[in-house]
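A.B. asks: Whatever this is, show me its structure:
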Amino acid sequence: MADAFDVVIIGSGPGGYVTAIRASQLGLKTAIVERTELGGICLNWGCIPTKALLKSGEMYEALGHLGDYGLSVETRAFDFGAVVQRSRKVAAQLNAGVTFLMKKHKIEVVVGTAKLEKGQGAPNVVVGDRKLTAKHVILATGARARTIPAIGLEPDGERIWTYREALVPKSAPKTLVVIGSGAIGMEFASFYRALGSDVTVVEMLPRILPVEDEEVSKAAQKAFEKRGLKFRVGAAVKKLAKTKTGVALEIEAGGKAETLEGDVCIVAVGIVGNVEDLGLEALGVKIDRTHVVTDSHGGTGVPGLYAIGDVAGPPWLAHKASHEGVHCIEHIAGLKPSNLTAPIPGCTYTNPQIASVGLTEAQAKEQGLEPKVGRFPFKVNGKAIASGETEGFVKTVFDGKTGALIGAHMIGHEVTEMIQGYALAMTLEATEEDIQATVFPHPTMSEAMHESALDAYGKVLHI
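C.D. replies: Numbering: from 1, shown residues only. Alright, predicted model coming up:
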């Protein structure tokens, strides 16, 4: 006898559990299937615990600069085990929060691995010896770290790590090689460097953080090098092998071969969607490079089957998954959901932080637009100077013909907390006049956002 629901969601990450809550709010009988931990990778093994580690690293690093503020401490030390334990406690607290939310909204949590099979309408969901039927099934199975076993890029739990192993080691490595300079690679590089590890980052493309605006990428590398990080850009990885004492990485850069050695290597070369063993092929679901192909509402083309979040393709961001999930379930419920093409900000929680939304200057030009660009450095911002956080700048990109804000890019202290201002402005289709007419509080670092918009039109005040 099958258990009947209005909606069954497979996966309880930030896409899945948020979708389940919204479904319950809309009066739909909802079940969510999870094979491991509620909250998914983001909450348990990704976004949240990494931020806890990064905060510990930031605090420890800041202790080394207390003299700049007229302060001092007798000793500076860290307990690595306690640092890791704190990050796990943070994850556990939020996991408990999601568990509470499921109970509050009367969402049935089904523990186990789901498999889809053809149903009379939407596919049936089989979990162990249970069969769940539903009018609608939503895939929110997420993604996992990409590995390349052929050249040795595969975790062994000891010396070769993905993000999972990098979150819970017994000790910090003395020397660390990170393959990949995207957000995940750079966040771990930043954390371990803060605790004193000798870190080298290897990037195949010509610059680090390649999805960011080129000016931001260059400023980031300069700032990271000041902190002692080392880089090999334009470097192709040929082979990774374990040695008696650690790892050896063979790379080729500029036609020259080089071997990098370290105690540990972190592999951060992208992700692959979790599409295996679900029965998708038998249902005729289209898959493109490990990601489910969807329409503008998350539909897969198979009646009653939808996909959201990382498994449905880039950008691979938790907030994108949540937004897609809410849109999808509101569409299913017959509402007119919020715009699925709203600008999606990206954040990298290194020191300094990086945040961006919309088009880069180069992308705007590639699209045939005539961008007007403004910049403002934090080194002349009053709050930044008072706080001793003068690294970085704000860059804004406007459409030269319409005045619309089409992109914003920031590097500096806590810029991840400021980027939402530009995201909101873009969602509301703000122009340069709207931003220039907005009153920004003083003294705040956000004033640099205002000055950057003024600078794009030759009106900057404090340079």
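
A.B. asks: what are the bridge partners for L260, then?
C.D. replies: With DSSP bridges as the criterion, the beta-bridge partners of L260 are L249.

A.B. asks: for it, what are its contacts?
C.D. replies: Residues counted as contacts of L260 (Cβ atoms under 8 Å, 6 or more residues apart in numbering) are V177, T200, V202, R232, A248, L249, I251. Using the backbone N, CA and C atoms, a C-beta is placed for each residue, glycine as well.

A.B. asks: go on, V178?
C.D. replies: Remark: with contacts taken as Cβ under 8 Å, 6+ apart, V178 is in contact with G185, M186, F188, A189, V199, T200, V201, V202, C265, I266, A268.

A.B. asks: Which of the contacts of L260 fall in strands?
C.D. replies: Counting by DSSP state E, the contacts of L260 place V177, T200, V202, R232, A248, L249, I251 in strands.

A.B. asks: So which of these is the closest to Y60?
C.D. replies: Using Cβ to Cβ, the shortest approach to Y60 within those belongs to T200, at 20.7 Å.

A.B. asks: For V247, see how far away the closest one is.
C.D. replies: Noted for T200: a distance of 11 Å to V247, by Cβ to Cβ, to the nearest Å.

A.B. asks: any shared contact partners between those two?
C.D. replies: With the criterion set as Cβ under 8 Å, 6+ apart, the overlap between the contacts of T200 and V247 is V177, G262.

A.B. asks: can you put the contacts of L260 in TSV and add neighbour count, distance to D310 and pLDDT?
C.D. replies: Shown next, in TSV, are the contacts of L260 (neighbours: other Cβ atoms under 10 Å; distance: Cβ to Cβ, whole Å; pLDDT from 0 to 100):
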residue	neighbour count	distance to D310	pLDDT
V177	29	26	98
T200	19	28	98
V202	26	24	98
R232	20	28	97
A248	17	32	97
L249	24	27	97
I251	21	28	97
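
A.B. asks: Looking at the residues you listed, spot the one nearest H323.
C.D. replies: V202 (32.9 Å).

A.B. asks: who's in contact with stretch 371-379?
C.D. replies: Around stretch 371-379, the neighbours that count as contacts under Cβ under 8 Å, 6+ apart are 215, 359, 361, 364-365, 384-385, 389-400, 406-407, 412-413, 432, 445, 448-449, 451-457, 460, 462-463.

A.B. asks: In PyMOL, how would I select the buried members of the residues you listed?
C.D. replies: Written as a PyMOL command, the selection of buried residues from the contacts of stretch 371-379, which uses 16 or more other Cβ atoms under 10 Å, is:
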select buried, resi 215+359+361+364+384+389+390+391+392+393+394+395+396+397+398+399+400+406+407+412+413+432+445+448+449+451+452+453+454+455+456+460
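
A.B. asks: So which of the contacts of stretch 371-379 are in helices?
C.D. replies: 215, 361, 364-365, 384-385, 432, 448-449, 451-455 (DSSP state H).

A.B. asks: Of the contacts of V178, which pair is most distant in space?
C.D. replies: Looking across the contacts of V178, with Cβ to Cβ as the criterion, the two at the greatest separation are M186 and C265, at 15.1 Å.

A.B. asks: ok, these two, which is more surrounded?
C.D. replies: A direct count of neighbours by other Cβ atoms under 10 Å for M186 and C265 places C265 higher, at 31 against 25.

A.B. asks: Pull the contacting residues for that one.
C.D. replies: Neighbours of C265 in contact, by Cβ under 8 Å, 6+ apart: R159, I160, W161, L176, V177, V178, I179, L240, V247, L249.

A.B. asks: repeat for S322
C.D. replies: Counting by Cβ under 8 Å, 6+ apart, S322 makes contact with P14, G15, V18, T19.

A.B. asks: Need phi/psi at the third one.
C.D. replies: I take that to be V18. The phi/psi pair for V18 (degrees, to the nearest 10) reads phi -70, psi -40.

A.B. asks: Quick check: closest non-adjacent residue to it.
C.D. replies: If the residues on either side of it in the chain are set aside, V18 comes closest to S322, at 4.3 Å by Cβ to Cβ, 6 or more residues apart in numbering.

A.B. asks: Just the closest of the contacts of C265 to E417, please.
C.D. replies: Set against E417, the nearest of the contacts of C265 by Cβ to Cβ is V178 (25.5 Å).

A.B. asks: still on that earlier bit, from G284, how far out is the residue nearest to V18?
C.D. replies: Using Cβ to Cβ, S322 is found at 28 Å from G284.

A.B. asks: which stretches of this protein form helices?
C.D. replies: Using DSSP H, helices in the chain cover 16-25, 40-45, 47-63, 80-104, 163-167, 183-194, 214-226, 280-283, 318-332, 361-366, 382-387, 419-427, 432-436, 447-455.

A.B. asks: ok so, going back, among the contacts of C265, which one sits closest to V98?
C.D. replies: Among the contacts of C265, and counting by Cβ to Cβ, the member closest to V98 is W161, at 26.1 Å.

A.B. asks: Look up the residues forming beta bridges with the closest one.
C.D. replies: Bridge pairing for W161 - DSSP bridges - gives I266.

A.B. asks: right, and it touches I266 too?
C.D. replies: Yes - look at W161 against I266 with Cβ atoms under 8 Å: they come within range, at 4.9 Å.

A.B. asks: got JSON lines for the contacts of C265, with distance to P169 too?
C.D. replies: Formatted as JSON lines, the entries for the contacts of C265 read as follows, by distance: Cβ to Cβ, whole Å:
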{"residue": "R159", "distance to P169": "10"}
{"residue": "I160", "distance to P169": "12"}
{"residue": "W161", "distance to P169": "7"}
{"residue": "L176", "distance to P169": "10"}
{"residue": "V177", "distance to P169": "15"}
{"residue": "V178", "distance to P169": "14"}
{"residue": "I179", "distance to P169": "17"}
{"residue": "L240", "distance to P169": "18"}
{"residue": "V247", "distance to P169": "14"}
{"residue": "L249", "distance to P169": "18"}
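
A.B. asks: Of those residues, which is the nearest to S296?
C.D. replies: S296 has its nearest neighbour among the contacts of C265 in I179, at 35.2 Å by Cβ to Cβ.

A.B. asks: Next, find the distance separating that closest one from V168.
C.D. replies: With Cβ to Cβ as the criterion, I179 and V168 are 20 Å apart.

A.B. asks: of those two, who's got more company?
C.D. replies: Regarding I179 and V168, a neighbour count based on other Cβ under 10 Å identifies I179 as having more, with 25 against 14.

A.B. asks: thinking again about what came up before, between the ones in helices among the contacts of stretch 371-379, which sits nearest A52?
C.D. replies: A52 has its nearest neighbour among the ones in helices among the contacts of stretch 371-379 in A384, at 25.3 Å by Cβ to Cβ.
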